[in-house]
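> Got a predicted structure plus its sequence, pasted below:
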Amino acid sequence: MEGSQEHPLFVSAESISDCLEFKDLIPAVEKGLATFSRRSGDELIQPLRTVMTFPESNGYFASMPVYSKIDDIIVTKMVSFFPKNTDVPSHNAVILVFSTKNGLMRAIMDGDVITLKRTAAASAVATKYLTNGQPHTLAILGSGSQARSHYAAISHVFKFQQVNIWNHRSAGAEALAKEIGPTAQAFASVEDAVRDADVIVTVTSSDKPVLKAEWVKPGAHINAVGACRPNWAELDPQLMQNSVVYADSREGAMSESGDVIMSKATIHAEIGEMVNDPTLARPAETTVFKSLGVAVEDASAAKIVVDKLKIP
């Protein structure tokens, strides 16, 4: 379908999936996070997301605008998360791309694939800097679409000899292990899944901690991706207190992350700050990247799609 100034191009999930390869997306997200953390209005304007909550469904709706001068793009993502959904996806998103020259809408993009892949790409950036040496074992808590996307992204950075998977429904863990192949194994308990893990990914829908400090070996790196509300947490407070904590956005984590707020953990650095100054990386210690997602990640992904599809 063709777009025009009057009728912006609609870009389907299938087209976006074809455009977004982790070999391109991971460095683009790394660059975007570094730009965000420089806090230069000449490079990037990104206000804190606006969020509406719906207590009866435990859901929320957010609007995430950003302007990137480097990528010459204005992007706004509108995303909903309704964790109680069973017969329809819990996450739903659309991304609007506008011209920086005249403000006209250039494209309407399906936001689900971009959200999946850019979130995993941000975790891959954190893992690249914060993993202690060559990792052997990856543990994934959760077995949904983010679990699959994170496996693909992090495996692009490191090759793992063992992948341990836990899910609150064992059938989900078993299905994902089968998809990954002979290196993967489903576990009945979180403790058994993470005991020897060098890298841990938490992508559950739980609003209460599922990962305890005593189960995590010293020097492991954790990408904490779920628990995206101030009163939700995936990691127990002691683990947060015992770890060197990083965030995509310090302001966002301190106002939106229950893992940070309820544990009163100190944020050591943003991932973008660490990219700009690698001495901030502490890979020899136990590290946590608390990912909430920031709009510049969407802009980085949307820019790749715009360029590959030659959207005017």
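Structure's in. What do you need? Given the structure is predicted, the values throughout are model-derived calculations rather than measurements.

> Contact partners for the residue nearest the centre of the chain?
Averaging the C-alpha coordinates of the chain gives a centre point, and the residue nearest to it by Cα atoms, centre = their mean is residue 119 (2.5 Å). Taking Cβ atoms under 8 Å, 6 or more residues apart in numbering, we find residue 119 in contact with 146, 149-150, 225, 291, 293, 297. Heads up, the C-betas are built off the backbone N, CA and C, glycines and all.

> After whichever helix or strand residue 30 is part of, which helix or strand is next? Please name it.
Secondary structure here is read from DSSP states H and E; on that basis residue 30 sits in helix 22-38. Sequence order places strand 44-45 as the next helix or strand after helix 22-38, per DSSP H and E.

> Would you mind giving the secondary structure of the residue nearest to the centre of the chain?
Residue 119 falls in the helix class when you classify it by DSSP: H, G, I helix; E, B strand; the rest coil.

> any chance you could map the strands in the stretch 151-300 of the chain?
In chain order, the stretch 151-300 of the chain shows strands spanning 162-166, 184-186, 199-202, 221-224, 244-247, 267-270, 287-290, with DSSP state E, counting those that start in this stretch as the criterion.

> Take the ones you listed and write them to JSON lines, including mean pLDDT and mean neighbour count.
What follows is the strands of the stretch 151-300 of the chain, written out as JSON lines (pLDDT from 0 to 100; neighbours: other Cβ atoms under 10 Å):
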{"stretch": "strand 162-166", "mean pLDDT": "98", "mean neighbour count": "23"}
{"stretch": "strand 184-186", "mean pLDDT": "98", "mean neighbour count": "18"}
{"stretch": "strand 199-202", "mean pLDDT": "98", "mean neighbour count": "28"}
{"stretch": "strand 221-224", "mean pLDDT": "98", "mean neighbour count": "29"}
{"stretch": "strand 244-247", "mean pLDDT": "98", "mean neighbour count": "26"}
{"stretch": "strand 267-270", "mean pLDDT": "98", "mean neighbour count": "21"}
{"stretch": "strand 287-290", "mean pLDDT": "98", "mean neighbour count": "28"}
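
> Tabulate the ones you listed (JSON lines), appending distance to residue 193.
Listed next are those as JSON lines, based on distance: least, Cβ to Cβ, whole Å:
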{"stretch": "strand 162-166", "distance to residue 193": "4"}
{"stretch": "strand 184-186", "distance to residue 193": "8"}
{"stretch": "strand 199-202", "distance to residue 193": "9"}
{"stretch": "strand 221-224", "distance to residue 193": "13"}
{"stretch": "strand 244-247", "distance to residue 193": "22"}
{"stretch": "strand 267-270", "distance to residue 193": "26"}
{"stretch": "strand 287-290", "distance to residue 193": "17"}
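
> Could you point out which of those strands sits nearest residue 34?
strand 267-270 (9.4 Å; Cβ to Cβ).

> Show me what the closest one is packed against.
Counting contacts by 3 or more Cβ pairs under 8 Å, 6 or more residues apart in numbering; DSSP states H and E, strand 267-270 is packed against helix 22-38, strand 244-247, helix 250-256.

> Packing partners of the longest one?
Counting by 3+ Cβ pairs under 8 Å, 6+ apart, the packing neighbours recorded for helix 22-38 are strand 44-45, helix 111-130, helix 145-157, strand 267-270, helix 271-276, helix 295-309.

> rerun at 10 Å
Judged by 3 or more Cβ pairs under 10 Å, 6 or more residues apart in numbering; DSSP states H and E, helix 22-38 is in contact with strand 44-45, strand 59-68, helix 111-130, helix 145-157, strand 267-270, helix 271-276, helix 295-309.

> Nearest to residue 22, out of those?
Comparison of the helices and strands packed on helix 22-38 against residue 22 by Cβ to Cβ identifies helix 145-157 as nearest, at 4.4 Å.

> Give me the below-cutoff pLDDT ranges for the protein.
The chain contains residues with pLDDT under 70 at 1-6.

> Please produce a ChimeraX select command covering the buried subset of the contacts of residue 119.
Written as a ChimeraX command, the selection of buried residues from the contacts of residue 119, which uses 16 or more other Cβ atoms under 10 Å, is:
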select :146,149,150,225,291,293,297
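
> In TSV: the contacts of residue 119, plus distance to residue 176.
Listed next are the contacts of residue 119 as TSV, based on distance: Cβ to Cβ, whole Å:
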residue	distance to residue 176
146	11
149	12
150	11
225	15
291	20
293	22
297	24
